[in-house]
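Trainee: my questions concern the predicted model and sequence given below.
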Amino acid sequence: ASTESGKIFGAFWMVCGVGALAAMLSSFVELMFQIKATERWDEAHQKVRFYRLVKLCTRPITSLGDFGMDAYDFLKFGVLLQGIATQEEVEAIEARYAELADPSGNVNCAKLAELDGPPTSLLATPRNSS
């Protein structure tokens with residue numbers, strides 16, 4: 001810029017660029033503070049949540065003489081603790097299992113495929129359990 005008006009024009013756009021950069025950096029810092037706040041570990045809240053889930057998933061087991069968990073209860077506890085599923089989702093799964101299970105507690109694959117499964121062309125042969 002060799003003219004006075006060119007120098008003023010250049011200075012104006014430099015000031016605008018600095019302002020835009022400052023606004024972008026302040027927005028980024030604010031965003032990082034918000035992310036950090038949501039990720040902050042609240043130990044007291046986590047302990048309360050842990051013991052609430054322990055109480056929810058345990059039941060009296062006579063061989064222990066106390067409350068405890070079998071394999072299913074422990075799996076349910078882990079799923080809820082890790083946030084993989086909500087309590088309502090687990091209850092819906094349990095209700096569906098109760099509908100599908102026979103008196104011995106087993107779910108027939110053919111019945112499951114018939115009621116909930118994919119089209120028969122996509123069904124694979126069931127694997128043998130050993």
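Mentor: Nice, I can see it.
Trainee: contacting residues for the closest residue in space to residue 101 that isn't next to it in sequence?
Mentor: Nearest non-adjacent residue to residue 101, counting by Cβ to Cβ, 6 or more residues apart in numbering: residue 107, 5.4 Å away. Using the backbone N, CA and C atoms, a C-beta is placed for each residue, glycine as well. Contacts for residue 107 (Cβ atoms under 8 Å, 6 or more residues apart in numbering) come out as 97, 100-101.
Trainee: need those residues in TSV with pLDDT, secondary structure and distance to residue 85, can you?
Mentor: Listed next are the contacts of residue 107 as TSV, based on pLDDT from 0 to 100; DSSP: H, G, I helix; E, B strand; the rest coil; distance: Cβ to Cβ, whole Å:
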residue	pLDDT	secondary structure	distance to residue 85
97	89	helix	14
100	85	helix	18
101	87	coil	19
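Trainee: any idea of the pLDDT on the residue nearest to residue 101?
Mentor: pLDDT, residue 107: 85.
Trainee: and what of the one 10 residues further on?
Mentor: pLDDT, the model's per-residue confidence, is 67 for residue 117.
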